[in-house]
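In: A predicted structure for the sequence below; I have some questions about it.
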Amino acid sequence: MRTRITALCVLAAAVAIALFGVPLAAGAAHYYFTDERGELERVAAETTIAVSADLLRGRGSLRIPSAAPDMTVGIYNPAGTLISGEGPETADGPVREAMQARDVSADSHGALVAAVPVTDDDRVTAVVRAATPRSSVYTQIAGTWGIMLAIALAALSLTWVFARRLARRLAMPVEDLATAARRLGDGDFAITTATTGIGEIDAAGASLSATAHRLGQVLERERAFSANASHQLRTPLTGLKLILDAALQDQATQRPALKAAADAADRLDNTITDLLALARGLPRSGEPLDVPALLDELERHWREALAARSRPVLVTVHGPLPETAASAAAVRQTLAVLIDNALQHGTGTVTLRARDATGALAIDVADEGDLTGEDTDLMFHRTGGSDGHGLGLAMARALAEAEGGRLTLSRPAPTTFTLLLPPTTL
């Protein structure tokens, strides 16, 4: 990329120099020829004035003014013979044309020639011929072209230097983006791109960083899904297995057992659907959460499991409740963790209570157990210890925080966990 940028910049400079330089070089050559012809005409005219008096007096020696070293001046009589100065012994074409009483500027035998007649009334008494070799003009043109070429080469050299710097400035951010993309492909989702000051590259870098962050979130949700699914599905699967084992041993209870197994399978399907929705970050419906319906659903779901241990479940709603747009799947799974925790580690009646907590929605899950003296911080860490608290409660707190809420142990005795959810913003 750097080589291509440098080559294109140098090529563009070369084309620009050619477009301006070639006409300028041609103009310089034309100028030198025009200037030299004008100089010849001036010298010839001055010589004509200088020798006119001598010719009228018939003097044999004529005074020719000094001219440039590479310029020759000669005087010819009407017969075309050189009588003074330098030049061809006999008149050439320009001199013969000047005999017709007119000034002549022309090329002759590789020289620029200016011929001016010396007249006495209407009679031509002599012709002054001034000439310069064309090679002399070519030498001046070559010198000028050499200077122009040197300037062009210097301009191309400077262009090459600046082009390399520009190529490096443009290529390095692109190379950094390529490196960041390779790191992203290798699984590094913590990549960040530096600001370069080039709008397009900065936009691409920001998009790449955002993509990496998004992919990292997706991967983290997938990992969380694996951990959460293993915890949330273990208890229902165990219950389903026990139901089926009992049905195999007692034919009289097979139909009720199969009905209970079908219900358990439906609950498993709902749980998996909720967990997948949370793992994939699916958008919310935008509808307010129907808290009473959700609590009734949870009461029906857990009634039999609690009744099997002679523990009732009670649902109370202290209305009116503030509206919240929290995800039903997240709230359902959070409360399921709390109810399962009460089932496994609590005692007595399990109470689900919804209330208004100073503008926020509060849902309490309480039992008659006692957690006095327990390390609350450790309880919500994903420890996976033998007490069974760590994994589920850590997941429940993470789900609550993802919805902008909080999950706390509000009372150790009787054990009460409170889920606080933010109200719908208007």
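Out: It's in.
In: quick one, strands of the stretch 51-200 of the chain?
Out: 72-76, 82-85, 104-108, 111-120, 123-133 (DSSP state E, counting those that start in this stretch).
In: and the first one, what does it pack onto?
Out: What that stands for is strand 72-76. In terms of contacts (3 or more Cβ pairs under 8 Å, 6 or more residues apart in numbering; DSSP states H and E), strand 72-76 is packed against helix 2-57, strand 82-85, strand 123-133. C-betas here are computed from N, CA, C, even on glycine.
In: Which of these sits closest to A293?
Out: Nearest to A293 among the helices and strands packed on strand 72-76 is helix 2-57; the distance by Cβ to Cβ comes to 64.2 Å.
In: Could I get the CA-only coordinates of the host helix or strand of A396 as CSV?
Out: If you go by DSSP states H and E, A396 is part of helix 390-402. Taking Å, rounded to 0.1, in the frame of the first residue of the first chain, the C-alpha atoms of helix 390-402 are listed here in CSV:
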residue,chain,number,x,y,z
GLY,A,390,-23.3,-19.3,44.9
LEU,A,391,-24.1,-20.2,41.3
GLY,A,392,-27.9,-19.5,41.3
LEU,A,393,-27.9,-16.3,43.4
ALA,A,394,-24.9,-15.0,41.4
MET,A,395,-26.8,-15.6,38.2
ALA,A,396,-30.0,-14.0,39.6
ARG,A,397,-28.1,-10.8,40.7
ALA,A,398,-26.5,-10.6,37.2
LEU,A,399,-29.9,-10.8,35.5
ALA,A,400,-31.3,-8.2,37.9
GLU,A,401,-28.4,-5.8,37.2
ALA,A,402,-28.7,-6.4,33.4
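In: and the next helix or strand after it, what does it pack onto?
Out: Using DSSP H and E, the next helix or strand after helix 390-402 towards the C-terminus is strand 406-411. In terms of contacts (3+ Cβ pairs under 8 Å, 6+ apart), strand 406-411 is packed against helix 390-402, strand 416-421.
In: circling back to that earlier point, in TSV, list the helices and strands packed on strand 72-76 along with mean pLDDT, mean neighbour count and distance to A115.
Out: Putting those into TSV (pLDDT from 0 to 100; neighbours: other Cβ atoms under 10 Å; distance: least, Cβ to Cβ, whole Å) gives the following:
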stretch	mean pLDDT	mean neighbour count	distance to A115
helix 2-57	88	15	7
strand 82-85	88	18	13
strand 123-133	91	22	5
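In: Buried residues in the helix holding A396, which are they?
Out: Within helix 390-402, the residues scored as buried using 16 or more other Cβ atoms under 10 Å are 390-400, 402.
In: quick one: which of those is nearest to I75?
Out: Using Cβ to Cβ, A402 is the member of the buried residues of helix 390-402 that lies nearest I75, at 110.9 Å.
In: was I right about that closest one contacting A330?
Out: Yes: the criterion here is Cβ atoms under 8 Å, and A402 meets it with A330 at 6.5 Å.
In: one step back: helices and strands around the helix holding A396, which ones?
Out: Using 3+ Cβ pairs under 8 Å, 6+ apart, the elements in contact with helix 390-402 are helix 199-249, helix 328-345, helix 376-379, strand 406-411, strand 416-421.
In: change it to 7 Å
Out: When contacts are defined as 3 or more Cβ pairs under 7 Å, 6 or more residues apart in numbering; DSSP states H and E, helix 390-402 packs onto helix 199-249, helix 328-345, strand 406-411.
In: orientation of it relative to strand 416-421 in degrees?
Out: Relative orientation of helix 390-402 versus strand 416-421 (axes from the mean of the first three to the mean of the last three Cα atoms, to 10 degrees): 30 degrees.
In: low pLDDT regions in the protein?
Out: Along the chain, segments meeting pLDDT under 70 span 1, 58-61, 217-286, 382-391, 425-426.
In: what does the domain assignment say about it?
Out: As assigned by automatic domain parsing, the chain contains the domains 2-152, 185-221, 287-426.
In: Please tell me how far S157 sits from A167.
Out: Counting by Cβ to Cβ, to the nearest Å, the separation of S157 from A167 is 16 Å.
In: Could you do A114 as well?
Out: Taken as Cβ to Cβ, the span from A114 to A167 is 56 Å.
In: neighbours of the residue nearest to E403 when sequence neighbours are not counted, just the number please.
Out: Once flanking residues are discounted, E403 sits nearest to A326: 4.3 Å by Cβ to Cβ, 6 or more residues apart in numbering. Residues lying near A326 (other Cβ atoms under 10 Å) number 24.
In: Offset the numbering so it begins at 59, please.
Out: Right, with 59 as the first residue, what we last looked at is A384.
In: Surely A384 touches D348?
Out: No: contact criterion Cβ atoms under 7 Å: A384 and D348 do not qualify, at 11.4 Å.
In: if we can go back for a sec, let me have the helices and strands packed on strand 130-134 in CSV, extended by distance to R413.
Out: Below are the helices and strands packed on strand 130-134 laid out as CSV (distance: least, Cβ to Cβ, whole Å):
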stretch, distance to R413
helix 60-115, 67
strand 140-143, 127
strand 181-191, 113
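In: nearest to T430, of those?
Out: With distances scored as Cβ to Cβ, the stretch of the helices and strands packed on strand 130-134 nearest to T430 is helix 60-115 (70.2 Å).
In: hang on, the earlier thing: higher neighbour count, S215 and A225?
Out: Taking neighbours as other Cβ under 10 Å, S215 and A225 compare with A225 leading, 19 against 12.
In: Tell me how far that one lies from A74.
Out: Distance of A225 to A74, computed by Cβ to Cβ: 18 Å.
In: And A387, by the same measure?
Out: Per Cβ to Cβ, A387 is found 65 Å from A74.
In: what do you get for I209?
Out: Taking Cβ to Cβ, one finds I209 at 13 Å from A74.
In: Check L429 too.
Out: Using Cβ to Cβ, L429 is found at 82 Å from A74.
In: related to what we said a few turns ago, in JSON lines: the strands of the stretch 109-258 of the chain, plus distance to L477.
Out: Formatted as JSON lines, the strands of the stretch 109-258 of the chain follow (distance: least, Cβ to Cβ, whole Å):
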{"stretch": "strand 130-134", "distance to L477": "114"}
{"stretch": "strand 140-143", "distance to L477": "120"}
{"stretch": "strand 162-166", "distance to L477": "107"}
{"stretch": "strand 169-178", "distance to L477": "106"}
{"stretch": "strand 181-191", "distance to L477": "106"}
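In: Quick one, which of the ones you listed gets closest to L478.
Out: strand 169-178 (103.6 Å).
In: Please list all residues in contact with the residue lying closest to T61 once chain neighbours are set aside.
Out: Among residues not flanking T61 along the chain, A225 sits closest, at 7.8 Å (Cβ to Cβ, 6+ apart). With contact taken as Cβ atoms under 7 Å, 6 or more residues apart in numbering, A225 is in contact with 60, 63-64.
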